[in-house]
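Participant: what's the 3D shape of this:
(chains A, B, C and D)
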2 protein chains.
Amino acid sequence: MRPKITLKDIAKELDVSVSTVSKALKNSNEISKNTKDKIKAFAKFYNYRPNTIALSLKNKRTKNIGVIIPDIVHHFFTTVFRGIEKYANQRGYNVIICVSDESHEREVINMEMLANGSIDGFILSLSAETQQKNDFRHLQELIDQGIPIVLFDRVTSEIDCDKVILNDRDIAYEAVEHFIKSGRKHVALVTTDSYFNVSESRRDGFSDALRDNGLEVDSNLILTLPYNLDNDNLILQFFQSNTIDAVLCVNEIFAIQCMSLIQQIGYTIPKDISIIGFTNGNLSKFSNPRLTTVAQHGDEMGEKAAKLLIDRIEHKTEGTDFITQIVKATLIKRGSTIN
Amino acid sequence: MRPKITLKDIAKELDVSVSTVSKALKNSNEISKNTKDKIKAFAKFYNYRPNTIALSLKNKRTKNIGVIIPDIVHHFFTTVFRGIEKYANQRGYNVIICVSDESHEREVINMEMLANGSIDGFILSLSAETQQKNDFRHLQELIDQGIPIVLFDRVTSEIDCDKVILNDRDIAYEAVEHFIKSGRKHVALVTTDSYFNVSESRRDGFSDALRDNGLEVDSNLILTLPYNLDNDNLILQFFQSNTIDAVLCVNEIFAIQCMSLIQQIGYTIPKDISIIGFTNGNLSKFSNPRLTTVAQHGDEMGEKAAKLLIDRIEHKTEGTDFITQIVKATLIKRGSTIN
DNA sequence: AATATGTACGAAAACGGTTTCGTGTTGATA
DNA sequence: TATCAACACGAAACCGTTTTCGTACATATT
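Facilitator: Residues are numbered from 1 along each chain as shown, chains lettered A, B, ... in the order given. Okay, here's the model as predicted:
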């Protein structure tokens, strides 16, 4: 075993002081060429790398950013994460990730765990429970301590910080108009409980599009599903007891479930019923027919969030107001709608 | 802004020494009850939390583990990650994750980046390129430095360390026998290039099962697909120009693609052709028919890997030989096979 | 010859903790 | 009353860096 070498080791071996070694390796012109060459050669030979922890302590900057997401086995969040990681690495940052599992408590614990020096800032998407409880004290606490935070996708207006969101309302509007343009008149919405800010925005876009096109918003055509349960019966009943010729689903799973059950009932997609989902993941790409879907551009959201955060950490946005960036979703038209 | 409070701050405020504060907060009996109470109350009021970085430097242990995976937008890897994170958090560890994106260079860069003090050990699954090049010097280097490593799923016999793998050969064998028991005689395999150790094992299980059941291994019935390309034509041609009544696919995407194209050709699943895939993700759960699949129990692999690593870090396995743990896959029988 | 100017390096403090060791004060014991 | 242990605390070292400041020596300037 050949443990890592330190400045002190080099200094002792070459019979100079630690400060000389440090300066030599930074090519300081306080040190003679001769000494520098000697030290550099030695350091290179023994593959010297400065200890990151010591640097963090000294600089009070870790070059780590903490990411808290509600779920990791989830297409959208992983794409966002990929965007964050890609951008952060480019700027020399590591990413520490924690999963809140939709739990408020785990969100708080994870953030507190990381906030004691481990990271320079947070990127997070609120857990379901946090949104439900409307309890953001842990965020405010960290902001008060001077730790920058960027919220993405599941955000809240209660906290003043940089944010990255999707144009949820507008893309839902666009999706519904896409239905209407192909002659659909009975457009349904399958959504989650409204404490999710994104669900609310999507519902707004849905309703606005109907009204603007002279259609009535029928609350019977809005199905609200609990998050992680077996919803098959609710969905079946919904489509059997209502006249529906198009349905917008706020996520991919709902869309695929609906598609499957609709077909099971005996309807043909998109002839009888058109479907549009959110999240352009593999489920949408490989379904039969292919699912028309809202691409949320998670990579882009991640990159934007990381840029906002790192600029804030490095004081590049010193003094400027907090920024909310909007990522524009795209409607990917495939076989589940008439295009 | 109210920055974090340090031992020194408390000491100054209460007019005692830093050492007294430190001891008091650790409830040392060197300190009088009176002083302890005073210090604890003060610390609690100001929400004192020891600085993790300082502790890391002192203890030469960070309580961080590094995870390197080839891809994050990937069901299997995310489930493994979830297992790692869950177990690691229980034991007070954070998880730093980096994505190699199947690139050898990124794998090396990421590991070097983390190896300078940021983490106490690594859990990784080799990138495609690393397996292809058979270049594991970066791993050996870290092991020589005394940094423990646990490999999972995509492992190599060239490196001596703890490992967690799936019983790939056996489960492939079981899958093929499942086909044969329902009367299938022309079993095909859709796989990736063999430099993946897992693909090789699965191919072995496939071949062995055929031979053991008196069937011939026909190399025409083995389709090797490149990793991330549009393979539709290759697949179509494969099924059109061969007599096939069952197909084992080494991953979920291949399985879903095959299912879709097979149906497109006009065959019925599972009447004409049965399908089994690997990875029990959403694609398999929501396909039509539901896909019979090999559940790889990523959570369990992750937990096992994390346990092995942390035990190694904490010297609980001091001196013992390196361990290879095998996770037993399960065949989930659904509609794409005759059960 | 006295002074100024570089040059090349080392000592020490700092980051925020933990821990070992030393020490002044108190009360008990012989 | 002298001795000793127990108690309660502080000083200092240490982890691995960076950086400021001081300084010995050589050379240049007047």
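Participant: dump the residue contacts of the most centrally placed residue in chain A.
Facilitator: Closest residue to the average C-alpha location of chain A: A:V80 at 4.2 Å, with CA atoms, centre = their mean. Contacts for A:V80 (CB atoms under 8 Å, 6 or more residues apart in numbering or on different chains) come out as A:69, A:125, A:152-153, A:298-299, A:301-302, A:305. (Each C-beta comes from the backbone N, C-alpha and C, glycine too.)
Participant: give me that answer again for 6 Å
Facilitator: A:298, A:301-302 (CB atoms under 6 Å, 6 or more residues apart in numbering or on different chains).
Participant: Next, count neighbours for the nearest residue to A:F278 once chain neighbours are set aside.
Facilitator: Closest residue to A:F278 apart from its sequence neighbours, by CB to CB, 6 or more residues apart in numbering or on different chains: A:V294 at 4.6 Å. Residues near A:V294, counting by other CB atoms under 10 Å in any protein chain shown, number 28.
Participant: Same question for A:Y46.
Facilitator: 14.
Participant: Check the secondary structure at the closest residue to it other than its chain neighbours for me.
Facilitator: Among residues not flanking A:Y46 along the chain, A:I5 sits closest, at 4.6 Å (CB to CB, 6+ apart). Assigned with DSSP: H, G, I helix; E, B strand; the rest coil, A:I5 falls in the coil class.
Participant: A:I5 against A:F45, yeah?
Facilitator: No: look at A:I5 against A:F45 with CB atoms under 6 Å: they stay out of range, at 9.6 Å.
Participant: if you count what's nearby, which of these two comes out ahead?
Facilitator: A:I5 (17 against 9).
Participant: For the stretch 51-200 of chain A, list the residues in contact with chain B, please.
Facilitator: Within reach of chain B by CB under 6 Å from any CB of the partner chain, the stretch 51-200 of chain A has these residues: A:51-54, A:56-57, A:72-73, A:78-79, A:81-82, A:85, A:94, A:96-97, A:99, A:116-118, A:144-146.
Participant: Restricting to C-alpha, output stretch A:101-110 in CSV.
Facilitator: Presented in CSV, the C-alpha positions along stretch A:101-110 are these (Å, rounded to 0.1, in the frame of the first residue of the first chain):
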residue,chain,number,x,y,z
ASP,A,101,-38.5,9.8,-1.3
GLU,A,102,-41.3,12.4,-1.3
SER,A,103,-40.9,12.7,2.5
HIS,A,104,-40.7,16.0,4.3
GLU,A,105,-38.6,14.6,7.1
ARG,A,106,-36.1,13.0,4.8
GLU,A,107,-35.8,16.2,2.9
VAL,A,108,-35.0,18.1,6.1
ILE,A,109,-32.6,15.5,7.4
ASN,A,110,-30.7,15.3,4.1
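Participant: and A:V164, what does it touch?
Facilitator: Contacts of A:V164 (CB under 6 Å, 6+ apart): A:152, A:301, A:304-305, A:325.
Participant: And stretch A:42-56, what's buried?
Facilitator: Of the residues in stretch A:42-56, A:42-43, A:48, A:50-56 count as buried by neighbour count, 16 or more other CB atoms under 10 Å in any protein chain shown.
Participant: mind putting the residues you listed in TSV, pLDDT, secondary structure and distance to B:D212 included?
Facilitator: Output for the buried residues of stretch A:42-56, formatted as TSV (pLDDT from 0 to 100; DSSP: H, G, I helix; E, B strand; the rest coil; distance: CB to CB, whole Å):
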residue	pLDDT	secondary structure	distance to B:D212
A:F42	97	helix	61
A:A43	97	helix	59
A:Y48	97	coil	56
A:P50	97	coil	57
A:N51	97	coil	56
A:T52	96	helix	53
A:I53	97	helix	55
A:A54	97	helix	59
A:L55	97	helix	59
A:S56	97	helix	57
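Participant: Which secondary structure elements does the one helix or strand A:A306 maps to sit against?
Facilitator: According to DSSP states H and E, A:A306 maps onto helix A:298-313. Packing partners of helix A:298-313 (3 or more CB pairs under 6 Å, 6 or more residues apart in numbering or on different chains; DSSP states H and E): helix A:75-90, strand A:121-124, strand A:149-152, strand A:162-166, strand A:324-327.
Participant: please redo it, this time with the cut-off set to 8 Å
Facilitator: Helices and strands touching helix A:298-313, by 3 or more CB pairs under 8 Å, 6 or more residues apart in numbering or on different chains; DSSP states H and E, are strand A:64-69, helix A:75-90, strand A:121-124, strand A:149-152, strand A:162-166, strand A:324-327.
Participant: can you tell me which of the ones you listed comes nearest to DNA strand C?
Facilitator: Evaluated over the helices and strands packed on helix A:298-313, closeness to DNA strand C peaks at strand A:64-69, with 15.8 Å, by CB to the nearest atom of the strand.
Participant: Kindly state the pLDDT recorded for whichever residue of the stretch 201-339 of chain A sits closest to DNA strand D?
Facilitator: Scanning the stretch 201-339 of chain A for the residue nearest DNA strand D gives A:E314, at 15.0 Å (criterion: CB to the nearest atom of the strand). With respect to pLDDT, A:E314 scores 94.
Participant: With the one 3 residues further on instead?
Facilitator: As summarised for this prediction, A:T317 has a pLDDT of 85.
Participant: how about the strands of chain A, start to end?
Facilitator: For chain A, strands defined by DSSP state E occupy the ranges A:64-69, A:94-99, A:121-124, A:149-152, A:162-166, A:187-192, A:222-225, A:246-249, A:274-278, A:292-295, A:324-327, A:330-332.
Participant: Show me what the shortest one is packed up against.
Facilitator: The one in question is strand A:330-332. The contact analysis (3+ CB pairs under 8 Å, 6+ apart) places strand A:330-332 against helix A:168-181, strand A:292-295.
Participant: Can you list the buried residues in the shortest one?
Facilitator: So the one you mean is strand A:292-295. A:292-295.
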